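Novice: generate a structure from the sequence data that follows.
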Amino acid sequence: MSVPRHCCANCIDDLHLRRQLIPALSKVVGDCSYCGSANVSLVAPLELREHFELVIGVYTPDANGKTLVEWLKEDWAMFGHARMDVAHAKELLADILDDGDIVRGLFIATLQSKSEALVHWEQLRTELMHTNRFFPTTAIDLRRLERLLPFLLLDEEDIPKTWYRARIQSAQDAFPLNEMGSPPKHLASHGRANPAGIPYLYLASKDITAISEVRPHTGDWVSVARFNIPDGLKIVDLRHPRRTVSPFILPDENEVALLRGDIEFLERLGEELTRPILQKSAAFDYIPSQYLCEFAKKCGFNGVMYRSSVDGGVNVALFEPGQATVVDVVAHHVLRVVVEI
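Specialist: Numbering: from 1, shown residues only. Predicted coordinates for the structure are as follows:
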């Protein structure tokens, strides 16, 4: 008699399954039969069948398409575990759907799951930068964007409490604590998230990330302040929308299709805050990301989190600088700056 197989949240690598669905369904803790994770909550694959049927409903058979596993990896960043290559993911998906044939078939996305949102955004960003700054004629669906942003809301336990901010010194003495926050309004220049004159507080997840963000030269002294941020902040996570957004929280196939159509758009918004910007063109290149952050602020969020463009760390821009509390400040000497070409 064969031993029943069980899967875990690490196999599928979806936030909703990891945080809510699998813990709610699981009655067993042990080693995963598919990815090998040890001492984790386990479920029988068939228990996930109805949830996956909603998601795969946005793909239709087509001889020129891709396998379902390839679509799930590409669209929703599922099966991200190192051991879940296409072959192993097909094995698990076949057990979930109780169908070994469907995972070998080829599919395309349905027309309903495609969106023009990215096209409209590209048109708007170009107009904002080079044609009409305050009264653009191009429009995007702001009501839809307002509905999408909560999909990217960070859980409170995933927001680090300690952050860092750096300033290049003019001498070896570190800046005092009261000079390590955001600049006053009349000195606030434009940034990735803020328009000129509207100061936000930019913080980094690591001290080395904070130092890298101020672009020091070899020999510079840099003050690095440590900040604490309070509980209860609503932060939009724009680092990896495909890994953050879960189709499993939606109630029907139509909603999944609409969300699938908007994933590429959300990913593009995250890139707006991450892509490197030349300082000489920053005044207008920052405008699209400033527009996005202003809208997030209007929707009631406290800040945005995004990947650093100069380091492997993470940055957050807080719309209300006073929400963070500075703890201490330390002076660092930059011994070497590495350039890659």
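
Novice: tell me where the protein has helices.
Specialist: All helices of the chain, identified by DSSP state H, fall at 9-12, 15-16, 22-25, 49-56, 68-76, 86-97, 117-130, 142-148, 207-213, 241-244, 253-274, 282-285, 287-298.

Novice: so which of these is the most surrounded?
Specialist: helix 9-12 (a mean of 26; mean count of other C-beta atoms under 10 Å). Every residue, glycine included, has its C-beta placed from N, CA and C.

Novice: list every C-alpha atom in that helix, with coordinates, as CSV.
Specialist: Provided in CSV are the C-alpha atoms of helix 9-12 (Å, rounded to 0.1, in the frame of the first residue of the first chain):
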residue,chain,number,x,y,z
ALA,A,9,3.2,26.0,1.6
ASN,A,10,6.9,26.0,0.5
CYS,A,11,6.1,23.9,-2.5
ILE,A,12,3.6,26.4,-4.0
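
Novice: which one of the helices of the chain lies closest to N194?
Specialist: Smallest distance to N194 across the helices of the chain (C-beta to C-beta): 6.5 Å, for helix 287-298.

Novice: mind checking how far the closest residue to S115 other than its chain neighbours is from D14?
Specialist: Spatial nearest neighbour of S115, excluding adjacent residues (C-beta to C-beta, 6 or more residues apart in numbering): G261 at 3.2 Å. Applying C-beta to C-beta, to the nearest Å, the value for G261 to D14 is 19 Å.

Novice: centroid residue for the protein?
Specialist: Central residue of the chain (C-alpha atoms, centre = their mean): R239, 2.7 Å from the mean position.

Novice: stretch 322-341: how far from the chain's middle?
Specialist: Centroid separation between stretch 322-341 and its chain, computed with C-alpha atoms, centre = their mean, to the nearest Å, is 24 Å.

Novice: what residues does that stretch touch?
Specialist: 162-163, 169, 172-178, 180-181, 201, 203, 207, 211, 216-230, 233, 302, 318 (C-beta atoms under 8 Å, 6 or more residues apart in numbering).

Novice: so which of those residues belong to strands?
Specialist: The members of the contacts of stretch 322-341 that map onto strands under DSSP state E are 162-163, 201, 203, 221-228, 318.

Novice: same list, those residues, but as CSV with distance to G80, neighbour count and pLDDT please.
Specialist: Output for the ones in strands among the contacts of stretch 322-341, formatted as CSV (distance: C-beta to C-beta, whole Å; neighbours: other C-beta atoms under 10 Å; pLDDT from 0 to 100):
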residue, distance to G80, neighbour count, pLDDT
T162, 27, 12, 96
W163, 26, 26, 98
L201, 32, 24, 97
L203, 27, 28, 97
W221, 41, 16, 96
V222, 35, 21, 97
S223, 38, 23, 97
V224, 33, 23, 98
A225, 35, 25, 98
R226, 32, 18, 98
F227, 31, 24, 98
N228, 31, 12, 97
L318, 29, 22, 98
